[in-house]
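Chemist: Structure here, sequence nowhere to be found:
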Ligand SMILES: Nc1ncnc2c1ncn2[C@@H]1O[C@H](COP(=O)(O)OP(=O)(O)OP(=O)(O)O)[C@@H](O)[C@H]1O
Ligand SMILES: [Mg+2]
């Protein structure tokens, strides 16, 4: 099977040439062990990975759907209709010039600003299920930093991948983590050697463009002792008529004294189900920060987690969710304090509009023995009209008496007094509302790199106008 | 410039309030206000706590919490009560709030820039910064306030300075300044008064709501009105303010005939 190569498998694949979809081949609809084998064979994976995938497939099939989040939408997923693997093009571009024109046009349409393209020097851009463009800055190479798409990571650094892959989020963690483990493709693999500080944020763009196609990226970031790295994931997607499932797994390992910041701006089209598992392990004196913005998708269920396993480890989750018409953002955070003097803070902001629904679902757990742990949770929800909805489900499990836990939650409407004050200066009602909303999410926006902050503000303005479909 | 302000300016009426009545819920607050302000005039409105001075300012500005039950207001010849808050502001009405509202996350700079832009004054960044710096300087506001959230955590006096800064930048036709002098230290009172006077020199008409004679030593009103139970109970020249300071409000118990 493994040596049969792509050629002999062609019979099992449909060729799909749409105008805009440059799909080379894809697996048939539905999922079974054969499909998993095909994916693995096509990628020429080592036996252990095939085994890992098959085991995960069994776990996926054996597990019931979660009974929380949005069960109505989850139960309606037809796993038999999904195409689990699409390959856009073969090979990898290392320079911008080598990237095909069609794909560059896609970036154009995504409206990635010119100023941002210079950052593409260190980018993994994902077209359909596979990385098509990849380039590593000379500086990164010199520093010994590995920044590859996950498939290449597995091929070129198999031992390193094997050491960590699935250790932070085992396949049996939840149904969608199991699914991802079975069919994953693409995503990023990052390794930062001890003591190395990566100055430029590593950025990846993702997009979905095949009808009914699932996207199952798998990202693994390892920051070795005393190193630091900022990874940015931003996604946009064109709109398709039927639901599109996106189910990523992101694992972060911050070793002693290391620092990882992982920034996401999620703007999937309004038909995408975005069911993501993100988790980090922070060792002694390490810091992990999830900066997570959710604007798009029909349903997002995502609760970035941090396990503080070493003394003085620090974790932060800063998130915003924007839920417009027909959207449900079920987001939150989990922080586990498993060592003394660990500290964390969770700041969650949500905006609901036109009947949109935003939920905060959080877990803070302090294990016995985590003396001196300090946790601070703050959730603020802003409702822009009567039809919209916000829920907060914070769970606290505090097993250590010598821990300090703070929790504050607010739900508010756009204040009449603020609107009136701003309008009395000549702003229109829409301008005043947008200003108040931007002020509300400012603590999040100020953590973003400049270009992303500008982009996010533009997206919010469009959402407020209702100009986004 | 320092012409005798004790004399009434004979400009055109810019604000004509006639028998204005307004309420909150089923509680009548304004019970027939009459007030005429002419171009270039400075009026002082005094009166007990709770007599309806702020309510008058808010009803004129269009605060949604108040219901207008009757009467008429013309501003520059237009029917003010038919205009929404934004339109009133753009027509040249300004309200310096007694209690300016905080808007967290919105910097003073962003706010001011957006307001000017929205009103068709989209200045180049450099020019805007220059104007802002000058205005900050004039009102004794420290530079760091440019990057702070609007009125968020500002002291009472800081808020009032920022109200006057907005008055200066927005150059309205008529400014209703509601207790801009309350809670100011001696130096701030002077700076704020100078700001208001500079606007008056620019041709802005002003209605100054105040409890104190002190600000009237800096900003000289042409007319002083006493507000009582939701209407103007008495009007007079600047000397009326001095009488009020000495004798209080008790002697005025009935509206003028
Ligand atoms: N939004 C409101 N809801 C309920 N009552 C109100 C409201 N606004 C004003 N009032 C009431 O109307 C009366 C007049 O209030 P207003 O603020 O206009 O008085 P004022 O003359 O400005 O007083 P002060 O000198 O203390 O500022 C008060 O009794 C006040 O409680
Ligand atoms: Mg008042």
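Modeler: That came through, no problem. Computed from a predicted structure; not experimentally measured. Ligands and ions are numbered 1, 2, ... in the order given.
Chemist: what packs against whichever strand or helix holds residue A:349?
Modeler: Element membership for residue A:349, per DSSP states H and E: strand A:343-352. Where contact means 3 or more Cβ pairs under 8 Å, 6 or more residues apart in numbering or on different chains; DSSP states H and E, strand A:343-352 is packed against strand A:314-323, strand A:328-337, strand A:357-366, strand A:374-383, strand A:389-398, helix A:429-445. (Each C-beta comes from the backbone N, C-alpha and C, glycine too.)
Chemist: Mean pLDDT and mean neighbour count added to the ones you listed, as JSON lines?
Modeler: Converted to JSON lines, these look like this (pLDDT from 0 to 100; neighbours: other Cβ atoms under 10 Å in any protein chain shown):
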{"stretch": "strand A:314-323", "mean pLDDT": "96", "mean neighbour count": "26"}
{"stretch": "strand A:328-337", "mean pLDDT": "96", "mean neighbour count": "27"}
{"stretch": "strand A:357-366", "mean pLDDT": "96", "mean neighbour count": "23"}
{"stretch": "strand A:374-383", "mean pLDDT": "96", "mean neighbour count": "21"}
{"stretch": "strand A:389-398", "mean pLDDT": "92", "mean neighbour count": "15"}
{"stretch": "helix A:429-445", "mean pLDDT": "95", "mean neighbour count": "20"}
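Chemist: Looking at those, which is nearest to residue A:85?
Modeler: Across these, residue A:85 has its closest neighbour in strand A:328-337 (27.0 Å, Cβ to Cβ).
Chemist: Direction included, what does that closest one pair against?
Modeler: In the sheet, strand A:328-337 lines up against strand A:299-302 (parallel), strand A:305-308 (parallel), strand A:357-366 (parallel) (DSSP bridges).
Chemist: Nearest to residue B:21, out of these?
Modeler: That would be strand A:357-366 among the strands paired with strand A:328-337, by Cβ to Cβ, at 43.0 Å.
Chemist: what about residue B:166, distance to ligand 2?
Modeler: With distances taken as Cβ to the ion, to the nearest Å, residue B:166 is found 18 Å from ligand 2.
Chemist: How about residue A:422?
Modeler: 20 Å.
Chemist: Please, which helix or strand holds that residue?
Modeler: helix A:416-423.
Chemist: coming back round to it: now for the helices and strands packed on strand A:343-352, which one comes closest to ligand 2?
Modeler: For the helices and strands packed on strand A:343-352, proximity to ligand 2 was assessed by Cβ to the ion; helix A:429-445 is nearest, at 23.1 Å.
Chemist: does chain B sit close to that closest one?
Modeler: Yes: remark: helix A:429-445 sits within contact range of chain B at A:429, A:431, A:435-436, A:438-443, by Cβ under 8 Å from any Cβ of the partner chain.
Chemist: tell me the angle of that helix relative to strand A:374-383?
Modeler: With axes from the mean of the first three to the mean of the last three Cα atoms, to 10 degrees defining the directions, helix A:429-445 sits at 160 degrees from strand A:374-383.
Chemist: Please parse chain A into its domains.
Modeler: A:16-413, A:414-469 (automatic domain parsing).
Chemist: what's the least confident stretch among those domains?
Modeler: The weakest mean pLDDT among the domains of chain A belongs to domain A:16-413, with a mean of 84.
Chemist: mind listing the helices for chain B?
Modeler: Counting by DSSP state H, one finds helices in chain B at the ranges B:53-61, B:85-91, B:108-118, B:125-138, B:156-170, B:186-201, B:239-247.
Chemist: contacting residues for residue B:212?
Modeler: Listed by Cβ atoms under 8 Å, 6 or more residues apart in numbering or on different chains, the contact set of residue B:212 reads B:181-182, B:245.
Chemist: The helix holding residue A:422 near chain B anywhere?
Modeler: Yes: residues of helix A:416-423 contacting chain B under Cβ under 8 Å from any Cβ: A:416-418, A:420-423.
Chemist: Quick one: residues contacting residue B:210.
Modeler: B:44-46, B:179-182, B:216.
Chemist: try 7 Å this time
Modeler: B:44, B:46, B:179, B:181 (Cβ atoms under 7 Å, 6 or more residues apart in numbering or on different chains).
Chemist: need those in a markdown table with neighbour count, distance to ligand 1 and pLDDT, can you?
Modeler: Listed next are the contacts of residue B:210 as a markdown table, based on neighbours: other Cβ atoms under 10 Å in any protein chain shown; distance: Cβ to the nearest ligand atom, whole Å; pLDDT from 0 to 100:
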| residue | neighbour count | distance to ligand 1 | pLDDT |
| --- | --- | --- | --- |
| B:44 | 25 | 13 | 97 |
| B:46 | 25 | 9 | 95 |
| B:179 | 21 | 6 | 96 |
| B:181 | 22 | 12 | 94 |
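Chemist: where does chain B have low pLDDT?
Modeler: Chain B contains residues with pLDDT under 70 at B:1-10, B:253-257.
Chemist: and it, which of its residues are near ligand 2?
Modeler: Within chain B, the positions adjacent to ligand 2 are B:53-54, B:98 by Cβ under 5 Å from the ion.
Chemist: The closest residue to chain A within the stretch 51-200 of chain B: neighbour count?
Modeler: Residue nearest to chain A within the stretch 51-200 of chain B: residue B:105 (3.0 Å; Cβ to the nearest Cβ). The number of residues packed near residue B:105 is 21, by other Cβ atoms under 10 Å in any protein chain shown.
Chemist: Tell me the span between the first and last residue of stretch B:198-209.
Modeler: End-to-end span of stretch B:198-209 (Cα to Cα, to the nearest Å): 18 Å.
Chemist: quick one: is it near ligand 1?
Modeler: No: contact of stretch B:198-209 with ligand 1 (Cβ under 6 Å from any ligand atom) is absent, the minimum separation being 6.9 Å.
Chemist: hmm, back to that, the residue of the stretch 51-200 of chain B closest to chain A contacts residue B:148, doesn't it?
Modeler: No: in this structure, residue B:105 is not within contact of residue B:148 by Cβ atoms under 7 Å, at 10.7 Å.
Chemist: Quick check: residue A:299 touching residue A:273?
Modeler: Yes: counting by Cβ under 7 Å, residue A:299 does reach residue A:273; the two are 5.1 Å apart.
Chemist: tell me, what's touching these two both at once?
Modeler: Contact criterion Cβ under 7 Å, 6+ apart; residues shared by residue A:299 and residue A:273: residue A:73.
Chemist: Distance to residue B:199 added to the contacts of residue B:212, as TSV?
Modeler: Listed next are the contacts of residue B:212 as TSV, based on distance: Cβ to Cβ, whole Å:
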residue	distance to residue B:199
B:181	15
B:182	19
B:245	25
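Chemist: and which of those is nearest residue A:181?
Modeler: Using Cβ to Cβ, the contacts of residue B:212 come closest to residue A:181 at residue B:182, 66.1 Å.
Chemist: For chain A, which segments count as helices?
Modeler: A:33-42, A:47-62, A:71-75, A:101-110, A:114-117, A:138-143, A:150-156, A:158-164, A:175-183, A:416-423, A:429-445, A:450-465.
Chemist: Nearest to ligand 1, out of these?
Modeler: Checking those against ligand 1 by Cβ to the nearest ligand atom gives helix A:416-423 as the closest, at 10.0 Å.
Chemist: Quick one: distance of the closest one to the chain centre.
Modeler: The chain centroid and the centroid of helix A:416-423 are separated by 36 Å, computed with Cα atoms, centre = their mean, to the nearest Å.
Chemist: now stretch A:35-46
Modeler: 24 Å.
Chemist: swap in stretch A:439-448?
Modeler: For stretch A:439-448, the gap between its own C-alpha mean and the chain's C-alpha mean amounts to 19 Å (Cα atoms, centre = their mean).
Chemist: hmm, who's touching that stretch?
Modeler: A:263, A:291, A:293, A:318, A:320, A:347, A:349, A:351, A:382, A:453, A:456-457, B:103-106.
Chemist: Just the buried ones from those residues?
Modeler: When the contacts of stretch A:439-448 are checked for burial by 16 or more other Cβ atoms under 10 Å in any protein chain shown, the buried set is A:263, A:291, A:293, A:318, A:320, A:347, A:349, A:351, A:382, A:453, A:456-457, B:103, B:105-106.
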